[in-house]
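> Provided below for reference: sequence and predicted model.
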Amino acid sequence: MPGQGGSKILHGSYHVKLSEQVDVMNSVINYVVGHNNFNILSASWGGAVASAYASLYSSRANKLLLAAFGLKANHNMKKAIQKSQFYLNAGKKCWQAKS
């Protein structure tokens, strides 16, 4: 993500908004997987970006796994986390019923 970790911002502001990072994530995902569904695994600040992405594009992400979510979740993030937990629990119940 622009401005995170060892990445460099090549042009524009050094202050990149969360919405801009979600747009970058969406562009990369569209380039890599096209319009297929996929799983998201994220860590640290990527958890915030992934949660925001999943809340906007919930039909694209099969699963969302967050690690080290080091910030206080706002209302939208809490909704994304709750929705993800619901789907994870639903998947566990389906898997347990099959075995």
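Perfect, I can see it now.
> got any ranges where the protein has weak pLDDT?
1-9, 11-14, 69-71, 91-99 (pLDDT under 70).
> Centroid-nearest residue for it?
Centroid-nearest residue in the chain: A50, 1.5 Å away (criterion: C-alpha atoms, centre = their mean).
> Look up how far A54 lies from S27.
16 Å (C-beta to C-beta, to the nearest Å). (Each C-beta comes from the backbone N, C-alpha and C, glycine too.)
> Compare neighbour counts for the two and give me the winner.
Neighbour count, other C-beta atoms under 10 Å: between S27 and A54, A54 has more, with 23 against 10.
> moving C-terminal of the helix or strand that contains that one, what's the next helix or strand?
Counting by DSSP states H and E, the element that carries A54 is helix 45-56. Downstream of helix 45-56, the first helix or strand assigned by DSSP H and E is strand 61-67.
> I'd like to know which elements that following strand is packed against.
Contact here means 3 or more C-beta pairs under 8 Å, 6 or more residues apart in numbering; DSSP states H and E; on that basis strand 61-67 packs against strand 38-43, helix 45-56, helix 75-98.
> One more pass at 6 Å, please.
Here strand 61-67 touches strand 38-43, helix 45-56, going by 3 or more C-beta pairs under 6 Å, 6 or more residues apart in numbering; DSSP states H and E.
> Would you tell me which one of these is buried the most?
Between the helices and strands packed on strand 61-67, helix 45-56 has the highest mean count of neighbours, a mean of 22, where neighbours are mean count of other C-beta atoms under 10 Å.
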